[in-house]
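Trainee: need the 3D shape of this:
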Amino acid sequence: MNLGRAIPPNPFDFLPPVPELHVTSTDVSDGERLASAQRGGNSGGNVSPALAWESGPDGTASYAVGCFDPDAPTPGGVWHWLVVDIPADVRELPPGVDGGQGRSVLNDLGTTRYEGAAPPPGDREHRYIYTVFALGVDHLDVEVKTPAPLTGFHLTVNSVARGSVTGLA
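Mentor: Just a heads-up that it's a prediction; the model follows:
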C-alpha cells in the first residue's frame, strides 16, 4: 500500500486566534521523537506524558488536554487522547493519567484512554500535538461517548487560550 501524500498543515493554525498558553513536558521534547512509553501498538507503553502549563488568562474556568495526529491517513487526522473538565486550579498532569483530575472522553480510536503514537507500518513520520486548552467554562457540554471531532468543536468555541508541545513518531 502506498501512503504517499502531502504533509498537512498544523490544524491549530487555522482555529480562531487565542492567547498562547505555555506548555511544558518532561516526557515530550518539542519537535523530537517520542519515547517508547508514549508510543502505542506493539512497540509502546501507551502512557500519557507528563504535561504542565501556566495559568490561563482571566476567565479561565477549566482546562482540557488532547493529543492530535494531523498526519494520520484520514481526511481529518486522529484524536489519540481527550481529557476535559480539568479544574481551573490544576496546572499539571502526571504521566499515565487518563482523567483523575478531569474527565476522559472518547478519542478517534474508540476508547476513553490515552492511545499512544502508532503510525501505520511504512508510513512517514507523524506529529503528535499535545495541546492544553484553557476554557471559559467549568464543564464542557460533551458526553463520554461524544465523537472526538465534536468535542474538538466544543474545545475551539470555548477556548480562551491554548498551547502545545509536539512529539514525533
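
Trainee: which residues touch the closest residue to residue 104 other than its chain neighbours?
Mentor: Spatially, and ignoring its direct neighbours in sequence, residue 104 is nearest to residue 112 (4.3 Å; C-beta to C-beta, 6 or more residues apart in numbering). All C-beta spots, glycine's among them, are computed from the backbone N, C-alpha and C. By C-beta atoms under 8 Å, 6 or more residues apart in numbering, the contact set of residue 112 is 98-99, 104-106, 144.

Trainee: kindly report the same for residue 29.
Mentor: So residue 29 contacts 165, 167 (C-beta under 8 Å, 6+ apart).

Trainee: do you know how far it is from residue 115?
Mentor: Remark: distance between residue 29 and residue 115 (C-beta to C-beta, to the nearest Å) = 21 Å.

Trainee: tell me the pLDDT of residue 99.
Mentor: On pLDDT, residue 99 comes in at 66.

Trainee: nope, residue 5 is what I meant
Mentor: 89.

Trainee: for residue 29, same thing?
Mentor: pLDDT, residue 29: 97.

Trainee: just residue 53 next, same as before
Mentor: 98.

Trainee: next SSE after the helix or strand harbouring residue 128?
Mentor: With elements taken from DSSP states H and E, the one containing residue 128 is strand 127-135. Counting by DSSP H and E, the next helix or strand C-terminal to strand 127-135 is helix 148-158.

Trainee: run the angle between the next helix or strand after that next one and helix 148-158 for me.
Mentor: Using DSSP H and E, the helix or strand that follows helix 148-158 towards the C-terminus is strand 159-168. Orientation check (axes from the mean of the first three to the mean of the last three C-alpha atoms, to 10 degrees): strand 159-168 against helix 148-158 gives 130 degrees.

Trainee: packing partners for strand 159-168?
Mentor: Here strand 159-168 touches strand 23-24, strand 32-33, strand 127-135, going by 3 or more C-beta pairs under 8 Å, 6 or more residues apart in numbering; DSSP states H and E.

Trainee: check the offset of that strand from the chain's centre.
Mentor: The gap between where strand 159-168 is centred and where its chain is centred comes out at 8 Å by C-alpha atoms, centre = their mean, to the nearest Å.

Trainee: can we start the residue count at 44 from this point?
Mentor: In the new numbering, first residue 44, that becomes strand 202-211.

Trainee: for it, give the mean pLDDT please.
Mentor: So the average pLDDT for strand 202-211 ends up being 98.

Trainee: what angle sits between it and strand 170-178?
Mentor: Going by the same axes, to 10 degrees, strand 202-211 is angled at 160 degrees with respect to strand 170-178.

Trainee: alright, I will stop here.
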